[in-house]
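Q: sharing a model prediction with you, sequence too.
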Amino acid sequence: MSQPNVSVIGAGKCDAGETGRALYKEAMELGSLLAGAGYTVVCGGLGGVMEAVCRGAKEAGGHTIGILPFLDRAQANPYVQTAVATGLGQMRNMLVVANGDIVVAVGGGYGTLSEVALAKKSGKEVIAIGSMAGVEGVVWADDARHACSLVKKYFDRKK
């Protein structure tokens, strides 16, 4: 298997209020842990959780890929190292899911839920931190550290 990709999905905005700041911090820690474990982070390339996970991964020396809904790669957040412009709008969600070996959701709403559904229909394992409680087939993680340990266990089973 080549270097494993982990798709991280979640709230597009998490900068307002205490809850938003906590979500950003959690996603940033997740990115750092994933990069430290040797995984490439794939996301939607914009703000919120996407920016935070890329920031954490990049600052930890990892690689980040942002799959953008727009045609302009310059619209990626500053922590995306490989920007993929699609011009597909929300339909790019399938590409985000398809390019990860496993998917981790951090917070989020209906957009994240659509990505979770696409992942499950594609046979992908989905881990969720702080969201998607009660969604059938989604594995719950207490925090970023727990989620990363579940990701590691997933890849260990694949060897």
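A: Great, that's in hand.

Q: quick one, strands of the protein?
A: 5-10, 40-43, 64-68, 82-85, 102-106, 126-129, 138-141 (DSSP state E).

Q: flag the shaky bits of this structure, pLDDT-wise.
A: Along the chain, segments meeting pLDDT under 70 span 1, 15-16.

Q: can we see that at 90?
A: 1-3, 13-21, 108, 130-136, 158-159 (pLDDT under 90).

Q: turn the strands of the chain into TSV, including mean neighbour count and distance to Lys152.
A: Where you see a C-beta, it was placed from the backbone N, CA and C, and this is true even at glycine. Output for the strands of the chain, formatted as TSV (neighbours: other C-beta atoms under 10 Å; distance: least, C-beta to C-beta, whole Å):
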stretch	mean neighbour count	distance to Lys152
strand 5-10	28	10
strand 40-43	29	15
strand 64-68	25	19
strand 82-85	17	23
strand 102-106	27	10
strand 126-129	24	11
strand 138-141	18	12
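
Q: same list, the ones you listed, but as CSV with distance to Val53 please.
A: Output for the strands of the chain, formatted as CSV (distance: least, C-beta to C-beta, whole Å):
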stretch, distance to Val53
strand 5-10, 4
strand 40-43, 6
strand 64-68, 8
strand 82-85, 14
strand 102-106, 7
strand 126-129, 11
strand 138-141, 14
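
Q: Asn93 is nearest to which of these?
A: strand 5-10 (7.9 Å; C-beta to C-beta).

Q: so what does that closest one touch, helix or strand wise?
A: helix 17-36, strand 40-43, helix 49-59, helix 92-98, strand 102-106, helix 110-121 (3 or more C-beta pairs under 8 Å, 6 or more residues apart in numbering; DSSP states H and E).

Q: ok, Lys152 to Gln3 distance?
A: 14 Å (C-beta to C-beta, to the nearest Å).

Q: quick one on the thing from earlier: out of the helices and strands packed on strand 5-10, deepest packed?
A: With neighbours taken as mean count of other C-beta atoms under 10 Å, these reach their highest mean count in strand 40-43, at a mean of 29.

Q: that one pairs with which strands, parallel or anti?
A: As defined by DSSP bridges, the strand partners of strand 40-43 come to strand 5-10 (parallel), strand 64-68 (parallel).

Q: ok so, going back, of the helices and strands packed on strand 5-10, which approaches Lys158 most closely?
A: So among the helices and strands packed on strand 5-10, strand 102-106 is nearest, using C-beta to C-beta, at 9.2 Å.
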